[in-house]
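Visitor: Have a look; sequence and predicted model below, questions after that.
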Amino acid sequence: MSKVGMPLRRDPDDRKSPKQAKREDEARKKEEEAARKRAEEVRKRQEAERKRGKPTTSPTSQPTATPTAGPTASPTHEPTNKPTEAPASPPTAEPTQEATSRPTQQPSQQPTPSPRPTNEDDRPRHRFRSQVDFSSDQLDLDRPVTEFLQTPHSSVYLEVFNRDLRFDDGAEFEMWSFDSPQSGRGFPGPLIRPLEGKIFHATVHPSMGPHTIHWHGLEPDPRNDGVGHTSFEIGGTYTYQWAPEPGRPGDPNYGAAGTYFYHCHVNTTLHAQMGMFGPVIVDPVVHPDYPVTPGARRAFVDGPEYDIDTESILIPYSLDPRWHEMQHAAGLSGEDVGLNRFEPKHFYLMGGELVRRRSGDNRVWSLSALRANVAGGTKKPTLLRILNANYLPNHMHFTTADGEPVRMAELIAHDGRPFRDTSVPGAPSPTCREAGYPLLTDVLAFGAAERFDVLLHPPERGEYRLRVQWEDWITGEILGVREVPITAA
Ligand SMILES: [Cu+2]
């Protein structure tokens, strides 16, 4: 079903302000107008094709129909589905996409003298007519079935909400995000923390139109990866099912433990900016050769131990207020709403100490300070998980209270993959620290959606600072800066 013209669904318990109602009304009118224009376009195209003497495209092969039956898709599948038609021409050793996708292959028609149509532009080379069709015409299912459903080891139930939330600078914006019965309606979405090798379920129940949950970096099978382009969008409810890959000590090719995030993959640039994301941390199962001390956990199967009490996540996020006035499907119907222009006016550090995140409605989880266990002390080091959840590159600087650089950040993993020494082929791959060269730094640069797992090693007790900069993609100009104190004890 195409989303065009579909009424927006809202949570029944969300009260609409007159402003919101007006906005929705305007958005609906715009969508209806865009749908009318598109229908007119299709009609004109069919008319033009008829005039050129081409057979009229059947309704099922319109790009606006279900993507699985697009114009190039149906002829491709036909010969294989109907074996009686195949003997018309001897099978070639390597049938190319081009050959099988052309309607002229059908035996009822005369073979054409030229292998290519006279007018190249007339040949349907893509399932979707345009990028707009590709973006907007995703399969929207109400209640897709979870295939091979198993009993989960852990599960979460997520709903979608929209409401105005107040940030730590006093500014208020309409945000959309996910909430669980335990989390309340806050931002970012609740932390999801499955175990390596164990079945995990996330049941999502969207509102305000279809949404999905994409498990960024975890790579489940297509049905459970939450990308509409390779599966479906969820109108009603769906249970995502996957199991993170178990790690093997010393093996760089196995193991999912690390920091990830989930986000909606419908009109993605807008929905992610609206707040439809949350952190995912995959924990390793304790391996007999790598036990853990009380109060500590390992970052990955044979990774370093860290202190559970001070484990923190830091999520740089920037916000363009203009985007927060848009509606669910803004930009999907060919209209230019300016989603190519991201001009953030607010720069936030979300997150904090994981065990201290409070539940409840209307909570914006802001990071204002960090604690770190001093190097060489009795406690295990503090693990800082970093997730760039905005569209700008970030630079981070670890310094003394006076701004002098301090090499106290040890990089142990990136995007859920541990840093290992793989220099000896066939031999076990120890971590960089075990191999004798811990990756210590005072500065870190990273881009959108990147994650780093960092052990903090402040050399002595006292105050340090972490400075986070947001930069322009092209010029590198610093657009925003935030500083938080790090107290080492
Ligand atoms: Cu969404």
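Guide: That came in fine, so what should we check first?
Visitor: From what I see, residue 459 and residue 404 are in contact.
Guide: No. If you go by CB atoms under 8 Å, residue 459 and residue 404 don't touch, sitting 11.8 Å apart. The way it works is simple: take the backbone N, C-alpha and C, and place the C-beta from them, glycine included.
Visitor: How many residues are close by the residue nearest to residue 177 when sequence neighbours are not counted?
Guide: Distance criterion CB to CB, 6 or more residues apart in numbering; nearest residue to residue 177, sequence neighbours excluded, is residue 275 at 4.2 Å. Other residues near residue 275 number 28, with proximity taken as other CB atoms under 10 Å.
Visitor: and what of residue 134?
Guide: When counting by other CB under 10 Å, one arrives at 16 neighbours for residue 134.
Visitor: What confidence value was assigned to residue 140?
Guide: On the pLDDT scale, residue 140 is placed at 81.
Visitor: Please report the distance of it from residue 484.
Guide: Distance of residue 140 to residue 484, computed by CB to CB, to the nearest Å: 41 Å.
Visitor: Those two: which has the busier surroundings?
Guide: The neighbour count for residue 140 versus residue 484, taken as other CB under 10 Å, is higher for residue 140 (20 against 17).
Visitor: pretty sure the more buried one contacts residue 233?
Guide: Yes. Between residue 140 and residue 233 there is a contact under CB under 8 Å: 4.7 Å.
Visitor: any common contacting residues for the two?
Guide: Common contacts of residue 140 and residue 233, defined by CB atoms under 8 Å, 6 or more residues apart in numbering, comprise residue 210.
Visitor: give me the residue from the stretch 351-489 of the chain nearest the ion.
Guide: At 14.7 Å from the ion, residue 389 is the closest residue in the stretch 351-489 of the chain, using CB to the ion.
Visitor: how far away is that residue from residue 436?
Guide: To residue 436, residue 389 is 34 Å away according to CB to CB.
Visitor: Same drill for the two, tell me which one is more crowded.
Guide: residue 389 (24 against 8).
Visitor: Show me what residue 405 is bridged to.
Guide: Going by DSSP bridges, residue 405 is paired in beta bridges with residue 399.
Visitor: what about it, neighbour count?
Guide: The local packing of residue 405 (other CB under 10 Å) involves 12 other residues.
Visitor: What about residue 289, how many residues nearby?
Guide: As a burial measure, residue 289 scores 9 neighbours (other CB under 10 Å).
Visitor: and if you look at residue 440?
Guide: For residue 440, the neighbour count with other CB under 10 Å is 15.
Visitor: my guess is it contacts residue 459, does it?
Guide: No. With contact defined as CB under 8 Å, residue 440 does not count as touching residue 459 (10.9 Å).
Visitor: Next, show the common contact partners of the two.
Guide: When CB under 8 Å, 6+ apart defines a contact, the residues bordering residue 440 and residue 459 alike are residue 408.
Visitor: picking up where we left off before, wait, what's in contact with the residue of the stretch 351-489 of the chain closest to the ion?
Guide: Neighbouring residues of residue 389 by CB under 8 Å, 6+ apart: 188, 261, 272, 277, 315, 316, 317, 350, 449.
Visitor: who does the residue lying closest to the fourth one once chain neighbours are set aside bridge with?
Guide: For residue 277, the nearest residue in space outside its immediate sequence neighbours is residue 263; the separation is 3.8 Å by CB to CB, 6+ apart. With DSSP bridges as the criterion, residue 263 is bridged to residue 214, residue 277.
Visitor: State the three-state secondary structure for residue 169.
Guide: With DSSP: H, G, I helix; E, B strand; the rest coil as the basis, residue 169 sits in coil.
Visitor: Can you verify my assumption that it contacts residue 346?
Guide: Yes. Residue 169 lies in contact with residue 346 (CB under 8 Å); the separation is 6.5 Å.
Visitor: Please identify which of those two sits among more neighbours.
Guide: Between residue 169 and residue 346, counted using other CB under 10 Å, residue 346 has the larger neighbour count: 15 against 9.
Visitor: about what we covered before: now the two most distant members of the contacts of residue 389.
Guide: Comparing all pairs in the contacts of residue 389 by CB to CB, the longest separation belongs to 350 and 449, at 14.4 Å.
Visitor: Settle this for me: the residue nearest to residue 177 is touching residue 186, isn't it.
Guide: No. Assessed by CB under 8 Å, residue 275 is found out of contact with residue 186, at 9.6 Å.
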